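Novice: Okay, sequence plus prediction incoming.
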Amino acid sequence: MSARGGNLIGSGRIGSNASSRAVQSHTSLMHNALSNTGHVSSIMSSGAAAAKSRTRAFYFTWIALLGGSTALASSLAVWLWKHIQRRRTAMQAARSEHLHAQSLLNQQHNIWDVIVVGSGPAGATCAYYCAMEGLRVLLLDRDRFPRDKICGDQVHTQAQHILKDMGVLQQLLTDDVVKWAVNRGVVSPDGHSFVGEIKDKDGLFSVQRVILDEKIVEAATRVGAEFRDGCWVKAAVYDRTHSTWSIDVLDASQLPTADAATDKPPVAELVRHSCRVLVCADGAVSGLARSLQGLTPTESPASVLGPANSIGGRAFAKRHTHDCRADEVIFYPQHLLPGHLRMSGELDDYLNISCFVLPHPDSASQPFSNALSPNVLQEKFVSLTENEPWIRTALGPRCKLSRLQTAPLRVGGVPRSYFPNGMIVGDAAGHQDPLTGDGIQYGMRGAQLASKTIVDAFRQNDFSLRRFQMYEKAWKSLFGWDFFWAKGIMYFMAQFPRLIDAVIVVIQRKGSQAILFWALARSGVKSKMDVILWFLRPDTFWEIV
């Protein structure tokens, strides 16, 4: 039992009189909590009458204007505005009271409002915004923090806005742990290249995930979320009768990492938690989302969630051994298309080298299942760094590389990212750009939408499947179309590699402005459709042709 969800009286630290007062106080709180539901209902039921009143006032205002009575129209308009503001304030207050009431009821039964499984940027962001609204949130991760994560370590503009809102960006800048990317470039399959300077308009920086993830988790705990690392979720079962989830967890959060005498990991304790809402943020493989129990085949995400559809790898070039002077360069080797290799500078002259194998649109000519093997990616990486002239030049003859570490990816979104009393966010939901491999910004933006859906569900006491479906509609509206157009661009890149050469020649002529345009599309400030329209402009299109 968690400290936040425990029984205050059962702690044995208060006397009988204090216990009696605590019982009376807790009973009063629960009575208020239960009565608040009726209070909210009464306010909401009066909404129709209020709407009719506002409509009548609106019509009277127009009648007064048409009749030439400006003073009367002004008075009616002021009354209407104040009336709307009063009703809006009352509704917000009632919903906040109802949210608090729901949380009190859940706390009495030791039920968490929300359990988030996975503490990457998406999971921790969702936990942060849920906790900010007063919900009792338990954030779990199977790894012990701080921990590293295989990633390109790049944070784009849209993610920076969220980090700033959480107070994390300010901490990163104060601690001086970020490296801003100013000089950015691209190299085509035939070696056409351009490196330009981009300042301010698209602020891209690199920060190691071992630092970033811990900072976001700390922000979530500051606003009330409870974090437990070293927790492996073994099962999640849906209780349809009570509309709750039961989560069985091997909890080693309070244990040392290893026994000093035997050097063996200690035996974790099996703990069961219950929650109203479950959020799966456990990475691209998402074993949790694919093994949920108690759902019908039509409700279960497992019916539409296949295995990861991409793979990525990361290696580091040791400081002062490489010759890459640009802050970021993307290479498009022909036999890696539609994937790419990216070099991005980090603090202390370390160089992050990321290699992405993305879904090939023509599986008949290039079976993609074979390319998902870590050994195959390792072989491709070694071949590229040793034999590809443009990459070899950037690394230099003295470069010392670490071994490539690989991880599965899920890109382009999933067919269904919600289920009864729950949802899937981040890499588990495929919130990763199918063209660039960037995922932090999409995962965090999707997590914001997920938290809003959850908070609205508690405020309106609506935990229907349709309520959680609103989350999927929201993220598909925000960046789902961007993924769609990215897949289209990826198709042309794979089928017509010469197109990339032609585009980069045009970029050479147009200069840094063209690189900035592509950077804005990568960061989500502009859409991929804007990129397509830009290249279809008559002046740009004829240059490419």
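Specialist: All right, it came through fine.

Novice: in the stretch 151-300 of the chain, which spans are helices?
Specialist: With DSSP state H, counting those that start in this stretch as the criterion, the stretch 151-300 of the chain has helices at 157-166, 168-175, 209-222.

Novice: Dump the first one to CSV, keeping only the CA atoms.
Specialist: Extracted C-alpha coordinates of helix 157-166, given in CSV (Å, rounded to 0.1, in the frame of the first residue of the first chain):
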residue,chain,number,x,y,z
THR,A,157,10.7,23.0,-30.8
GLN,A,158,7.3,21.5,-30.0
ALA,A,159,8.8,19.4,-27.2
GLN,A,160,10.7,22.4,-25.9
HIS,A,161,7.4,24.3,-25.4
ILE,A,162,6.1,21.4,-23.2
LEU,A,163,9.4,21.2,-21.3
LYS,A,164,9.3,24.9,-20.6
ASP,A,165,5.7,24.6,-19.3
MET,A,166,6.8,21.9,-16.9
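
Novice: what's in contact with it?
Specialist: 121, 125, 128, 155, 169-170, 172, 202-205, 216, 219, 440-441, 444-445, 448, 523-525 (C-beta atoms under 8 Å, 6 or more residues apart in numbering). Every C-beta, even on glycine, is put in place using the N, C-alpha and C of the backbone.

Novice: Please find the angle between the direction vectors of it and helix 168-175.
Specialist: Interaxial angle of helix 157-166 relative to helix 168-175 (axes from the mean of the first three to the mean of the last three C-alpha atoms, to 10 degrees): 90 degrees.

Novice: Next, count neighbours for the closest residue to Leu292 other than its chain neighbours.
Specialist: Nearest non-adjacent residue to Leu292, counting by C-beta to C-beta, 6 or more residues apart in numbering: Ala236, 5.4 Å away. Using other C-beta atoms under 10 Å, Ala236 has 24 other residues around it.

Novice: The stretch 301-450 of the chain: strands as residue ranges?
Specialist: Here the stretch 301-450 of the chain has its strands, by DSSP state E, counting those that start in this stretch, at 310-317, 328-331, 340-345, 351-357, 405-409, 418-419, 422-424.

Novice: List the buried residues of stretch 146-160.
Specialist: Within stretch 146-160, the residues that count as buried by 16 or more other C-beta atoms under 10 Å are Lys149, Ile150, Cys151, Gly152, Asp153, Gln154, Val155, His156, Thr157, Gln158, Ala159, Gln160.

Novice: For the fourth one, which residues are in contact?
Specialist: In this case it means Gly152. Gly312, Arg314, Arg342, Ser344, Asn352, Ser354, Gly437, Asp438.

Novice: do you know how far it is from Asp433?
Specialist: 11 Å (C-beta to C-beta, to the nearest Å).

Novice: For Thr157, give me the pLDDT.
Specialist: What the model reports as pLDDT for Thr157 is 90.

Novice: ok, of the buried residues of stretch 146-160, which one's closest to Gln460?
Specialist: Comparing these against Gln460 with C-beta to C-beta places Gln158 closest, at 28.1 Å.

Novice: how about the spatially most central residue of the chain, what does it touch?
Specialist: In the chain, the centroid-proximal residue (C-alpha atoms, centre = their mean) is Gly443; its distance is 2.1 Å. Residues counted as contacts of Gly443 (C-beta under 8 Å, 6+ apart) are Gly120, Pro121, Ala122, Thr125, Val425, Gly426, Asp427, His431, Gln432.

Novice: Can you report how many residues neighbour Gly488?
Specialist: Neighbours of Gly488 under the rule other C-beta under 10 Å: 15.

Novice: cool, the one 10 residues further on as well?
Specialist: A count of neighbours around Arg498, defined by other C-beta under 10 Å, yields 11.

Novice: ok, now how distant is it from Thr436?
Specialist: Distance, Arg498 to Thr436, using C-beta to C-beta: 21 Å.

Novice: Glu133 now?
Specialist: 32 Å.

Novice: Same check on Pro297?
Specialist: For Pro297, the distance to Thr436 equals 35 Å [C-beta to C-beta].

Novice: now do Arg136
Specialist: Counting by C-beta to C-beta, the gap from Arg136 to Thr436 is 37 Å.

Novice: just checking, Asp113 is part of a helix?
Specialist: No - under DSSP: H, G, I helix; E, B strand; the rest coil, Asp113 sits outside any helix and is assigned strand.

Novice: what kind of secondary structure is the closest residue to it other than its chain neighbours in?
Specialist: Leaving out its chain neighbours, the residue that sits closest to Asp113 by C-beta to C-beta, 6+ apart is Leu135, at 4.0 Å. Counting by three-state DSSP, the backbone at Leu135 sits in coil.

Novice: what does the one 10 residues further on give?
Specialist: For Phe145, the reduced secondary structure class is coil; criterion used: three-state DSSP.

Novice: Can you give me the neighbour number for it?
Specialist: Other residues lying near Phe145 total 16 when counted by other C-beta under 10 Å.

Novice: Equivalent analysis for Ala127, please.
Specialist: Based on other C-beta under 10 Å, the number of other residues close to Ala127 is 34.

Novice: 691 is where my numbering starts, stick with that
Specialist: Happy to do that; since the first residue is 691 now, the last one works out to Ala817.

Novice: Now do the contacts for it.
Specialist: By C-beta under 8 Å, 6+ apart, the residues touching Ala817 are Val804, Val806, Ser809, Val827, Leu829, Ala910, Ala915, Phe917.

Novice: secondary structure element for the fifth one?
Specialist: Pointing back at Leu829 there. strand 827-831 (DSSP states H and E).

Novice: Please export the alpha-carbon coordinates of that strand; CSV is fine.
Specialist: The C-alpha trace of strand 827-831 is given here as CSV (Å, rounded to 0.1, in the frame of the first residue of the first chain):
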residue,chain,number,x,y,z
VAL,A,827,-0.9,9.2,-10.2
LEU,A,828,1.4,6.2,-9.9
LEU,A,829,4.3,6.3,-12.4
LEU,A,830,6.1,2.9,-12.9
ASP,A,831,9.2,1.9,-14.8
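
Novice: That one pairs with which strands, and in what direction?
Specialist: Strand pairing for strand 827-831, using DSSP bridges, gives strand 802-807 (parallel), strand 916-919 (parallel).

Novice: Could you verify my assumption that Val961 touches Ala942?
Specialist: No - the criterion here is C-beta atoms under 8 Å, and Val961 misses it with Ala942 at 10.3 Å.

Novice: quick one: which of the two has more around it?
Specialist: Each of Val961 and Ala942 has its neighbours counted (other C-beta under 10 Å); Ala942 has more, 20 against 15.

Novice: Pop out the phi and psi values for the more buried one.
Specialist: Dihedral pair for Ala942: phi -110, psi 20, per degrees, to the nearest 10.

Novice: Great, nothing more from me.
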